[in-house]
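Undergrad: Could you look at this predicted model? Sequence included:
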Amino acid sequence: MSAGARPRVLVLRALGLGDLLAGVPALRALRREFPGHEVVLAAPAGLAPVAAATGAVDRVLPASAPGRAVPRTLDWTGPPPDVAVDLHGNGPPSHRLLQRLRPPRLLAFAHPSTPEIEGPPWYADEHERDRWCRLLRSYGIDADPTDLLLARPRSVSPAPGAVVLHPGAGAPARRWPVERYAAVAGALRGHGQRVVVTGGAGEEDLVARLGKEARLPDTDILAGGLPFGRLSALVAGARAVVSGDTGIAHLAVAHATPTVTLFGPVPPARWGPPAHPRHIPLWHGPEGDPHGRSPDPALLRVTPDEVLHALDRLPTRPDPAP
């Protein structure tokens, strides 16, 4: 490192929106532990605004791979990072990707194929937020899994007080049927509540179908992947968010927005919201294949009436509008 250059921490978490938000407690712990370092997050470039909103990341190093795979390379320049942290997985591909940069310190879980890394053991059934905080604590870094809230967005919500329905998810196994979302939307609108539908990039047809079945006005159909600032404002100002286990559910948790989250095939014990009256996870089990090509049987056990009942049980927000 050249004289006067700032030391750097490189964190690998090249995954999606929900993954990044679940990693916020660990990222903030690293920020506190290394206040004089530049914290660089290796993650998809599109998540740069999210990383900035955490207050824990100085710069995003664009990195991604299909699915949940480990990127083949990292476009790292200059001297090796002073500290590298594997928040991507339990190795060994993610370990070796970071090892190639020759960091003096590498924080990671133990794996038989990388015996030189003396990290803690990996527990497959551990909650995602707890997992990464435990990793850091094993290296003497204090980490609090409840440190996950984001600051309120400065932008004005496009639909303050609305119930947001998000039918999409990264895999078909986690997509509750559109007709069931439409039944929820119809019941809510029948009681005078505004309903807004969102979807990510590539989910335009799914969102359009829900909008048509629920007879929503075009102004309440927000397809195509909203820019993060607008999506964040919408979620922060919503009455509630109803979705499967996907990124927008984690964003709602980060903004303390009430949620009804439909789980299957993965249980809330691993990806669910923190225990709080404003968050209601619906789960009937058993656990299934997260990569399945059709809605998981556990997810299909959730009914529209159950979702509506959960919405009725949520606490009322004092003022959802910014």
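TA: Ah, there it is.
Undergrad: mind checking how far the closest residue to Asp82 other than its chain neighbours is from Pro35?
TA: Excluding the flanking residues, the one nearest Asp82 by CB to CB, 6 or more residues apart in numbering is Pro7, at 4.3 Å. Any C-beta I mention is one placed from the backbone N, CA and C, and that applies to glycine too. Distance, Pro7 to Pro35, by CB to CB, to the nearest Å: 11 Å.
Undergrad: my read: Phe109 touches Gly91, true?
TA: Yes - counting by CB atoms under 8 Å, Phe109 does reach Gly91; the two are 6.6 Å apart.
Undergrad: For the helix or strand that contains Val60, name the packing helices and strands.
TA: Per DSSP states H and E, Val60 falls inside strand 59-62. Helices and strands touching strand 59-62, by 3 or more CB pairs under 8 Å, 6 or more residues apart in numbering; DSSP states H and E, are strand 38-43.
Undergrad: ok now the strand it packs on, how far from the chain's centre?
TA: With CA atoms, centre = their mean, to the nearest Å as the basis, strand 38-43 stands 17 Å off its chain's centre.
Undergrad: How many neighbouring residues does the residue lying closest to His291 once chain neighbours are set aside have?
TA: Closest residue in space to His291, ignoring its immediate chain neighbours: Ala171 at 5.6 Å, by CB to CB, 6+ apart. Counted with other CB atoms under 10 Å, the neighbours of Ala171 add up to 19.
Undergrad: Over to Val39?
TA: Neighbours around Val39, by other CB under 10 Å: 23.
Undergrad: Can you name the residues bridging to it?
TA: Val9 (DSSP bridges).
Undergrad: Now do the contacts for it.
TA: 8-9, 11, 27, 30-31, 56-59 (CB atoms under 8 Å, 6 or more residues apart in numbering).
Undergrad: List only buried entries from those.
TA: Buried residues within the contacts of Val39, counting neighbours by 16 or more other CB atoms under 10 Å: 8-9, 11, 27, 30-31, 56-57.
Undergrad: right, and out of these, which lies closest to Ser113?
TA: Set against Ser113, the nearest of the buried ones among the contacts of Val39 by CB to CB is Val11 (21.6 Å).
Undergrad: picking that back up, contact partners for the residue nearest to Asp82?
TA: So Pro7 contacts 1, 34, 36-38, 82-83 (CB under 8 Å, 6+ apart).
Undergrad: and stretch 73-86, which residues are buried?
TA: The neighbour-count check on stretch 73-86 (16+ other CB under 10 Å) flags 74, 76, 80-86 as buried.
Undergrad: Can I get those in a markdown table including distance to Leu136?
TA: Listed next are these as a markdown table, based on distance: CB to CB, whole Å:
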| residue | distance to Leu136 |
| --- | --- |
| Leu74 | 21 |
| Trp76 | 22 |
| Pro80 | 20 |
| Pro81 | 16 |
| Asp82 | 16 |
| Val83 | 11 |
| Ala84 | 13 |
| Val85 | 8 |
| Asp86 | 11 |
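Undergrad: so can I have CSV of those showing pLDDT and distance to Val241?
TA: Below are the buried residues of stretch 73-86 laid out as CSV (pLDDT from 0 to 100; distance: CB to CB, whole Å):
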residue, pLDDT, distance to Val241
Leu74, 98, 34
Trp76, 97, 36
Pro80, 97, 41
Pro81, 98, 36
Asp82, 98, 39
Val83, 98, 35
Ala84, 98, 35
Val85, 98, 30
Asp86, 98, 31
